[in-house]
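Trainee: Sequence and computational prediction follow.
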Amino acid sequence: MKTIRDMEHLKIEVLDERFYQSPSGEEKYYPGSTTILEVWPKAQLNQWFKEVGFNADIKLERAQQIGTNVHQAIETFLLDNPIICEDNFTIEEWEMIVKFMQFFYRYNPEVIAVENVIVSDELEYGGTLDLICKIEDEIWYIDHKTGRNLWKENFYQAASYKRLAETLGQPIDRIGLLHLRAQTRTEKELQGVGWKVYDVEEKMTVDHALKMFDHAHAIWKDENPNYKPKNKVFPMSFNKSDEPDKELLYGTR
C-alpha cells in the first residue's frame with residue numbers, strides 16, 4: 001500500500017493500490033490487472049501453501065518485498081539516477097538487479113516510459129507498466145519478473161498492459177517478460193546466464209492472452225459487484241494536552 005503524509009492537515013493516508021481512480025477524476029475506481037487475475041485458479045500455488053504451512057505468509061511477503069525493491073531500483077536507474085548496493089539491497093536482490101543490467105547494456109533500449117500508470121474507463125481496469133522501450137526498430141513492453149516461476153497469468157497480465165498502452169495511442173510491437181531468476185546457463189538471443197526475456201508470442205497469441213484475461217475480468221466483476229478501495233486515514237500525531245480531531249480519530253471523515 002502507498003502511504004501519503006499530509007503535513008498541512010496532519011494526517012496519514014494509506015491507499016489501497018489494488019485499485020485505480022478513473023482518469024476523469026470522478027470517485028470511480030477500477031481494479032488493477034494483477035487484482036483481476038487473482039481469481040485465476042492457482043493449483044500449483046495452493047499446493048505450495050500446503051507444503052510450506054505456517055511459513056507461507058512470511059515467504060510470500062518476503063517475495064513481494066523483493067519484487068518491490070528490485071522494481072524500484074530499476075526505475076531509479078532508468079530515470080537516470082545512480083543505484084548503490086551497500087546496505088540498501090540484499091545480495092539476492094542485487095544479483096537480480098545485475099541481471100537486468102546485463103540485459104540493458106546488451107540491448108541498450110531507448111526508454112519511452114517507466115512505471116507508467118494507465119487507467120481506462122472504457123476497459124474498466126488499470127495497471128502500472130514497468131518499461132516501454134524501443135529495441136532496434138521495435139517497440140517493446142518489458143515486464144520485470146522476480147519470482148522463481150512464471151505462470152500463465154503473467155502472460156495474460158502483460159497482454160492486458162499492451163492493450164492499456166494502446167488506448168493512449170502508444171503502439172506495442174512485442175511483449176517480453178524479463179525473468180530475472182531464470183534457470184538459463186548459456187548466452188543466446190534475449191537470454192543470458194540467469195535471465196531470459198520470454199516473448200509472449202512464443203507462448204501464446206496475444207489475442208488468446210487477452211481472451212483469458214477478459215474471462216477473469218468477467219468473473220472478478222461478478223464476484224465484486226460493489227467494489228471500492230479500502231483506503232485508510234489516520235491522525236499523524238497525538239498530544240495528550242490537545243483535543244484530537246474526532247472524525248479523523250474514528251475514521252468517519
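Mentor: Structure's in. What do you need?

Trainee: where does this protein have its least confident helix or strand?
Mentor: Within the chain, no helix or strand scores below strand 11-15, which has a mean of 51 by mean pLDDT, DSSP states H and E.

Trainee: Show the subsequent helix or strand relative to that one.
Mentor: strand 19-21 (DSSP states H and E).

Trainee: which ones are touching the residue nearest the centre of the chain?
Mentor: Most central in the chain under C-alpha atoms, centre = their mean is T128, positioned 5.8 Å from the mean C-alpha point. By C-beta atoms under 8 Å, 6 or more residues apart in numbering, the contact set of T128 is G32, E115, N116, V117, I118. Placement of C-beta: from N, CA and C, glycine included.

Trainee: Put the alpha carbons of the strand or helix carrying it into PDB.
Mentor: Using DSSP H and E, T128 falls within strand 125-135. In PDB, the C-alpha atoms belonging to strand 125-135 read as follows (Å, rounded to 0.1, in the frame of the first residue of the first chain):
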ATOM      1  CA  TYR A 125      -9.100  -1.600 -15.200                       C
ATOM      2  CA  GLY A 126      -5.700  -0.100 -14.700                       C
ATOM      3  CA  GLY A 127      -2.100  -1.100 -14.300                       C
ATOM      4  CA  THR A 128       1.400   0.100 -13.800                       C
ATOM      5  CA  LEU A 129       3.600  -0.700 -16.800                       C
ATOM      6  CA  ASP A 130       7.200  -1.500 -15.900                       C
ATOM      7  CA  LEU A 131       9.000  -0.400 -19.100                       C
ATOM      8  CA  ILE A 132       8.100   0.700 -22.600                       C
ATOM      9  CA  CYS A 133      11.200   0.900 -24.800                       C
ATOM     10  CA  LYS A 134      12.500   0.700 -28.300                       C
ATOM     11  CA  ILE A 135      14.900  -2.100 -29.200                       C
END
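
Trainee: what about that strand, distance to the chain center?
Mentor: The gap between where strand 125-135 is centred and where its chain is centred comes out at 10 Å by C-alpha atoms, centre = their mean, to the nearest Å.

Trainee: Then stretch 93-112?
Mentor: That offset, for stretch 93-112, works out to 18 Å (C-alpha atoms, centre = their mean).

Trainee: Quick check: buried residues in it?
Mentor: E93, W94, M96, I97, K99, F100, F103, F104, P109 (16 or more other C-beta atoms under 10 Å).

Trainee: Next: stretch 62-78.
Mentor: In stretch 62-78, counting by 16+ other C-beta under 10 Å, buried: I66, G67, N69, V70, H71, A73, I74, E75, F77, L78.

Trainee: So for A165, what's the pLDDT?
Mentor: Looking at A165, its pLDDT reads 96.

Trainee: contacting residues around it?
Mentor: By C-beta under 8 Å, 6+ apart, the neighbours of A165 are N116, I118, L129, I132, Y141, P171, I172.

Trainee: could I get those residues as TSV with pLDDT, secondary structure and distance to F155?
Mentor: What follows is the contacts of A165, written out as TSV (pLDDT from 0 to 100; DSSP: H, G, I helix; E, B strand; the rest coil; distance: C-beta to C-beta, whole Å):
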residue	pLDDT	secondary structure	distance to F155
N116	93	strand	19
I118	93	strand	19
L129	95	strand	15
I132	98	strand	17
Y141	98	strand	12
P171	96	coil	19
I172	97	coil	14
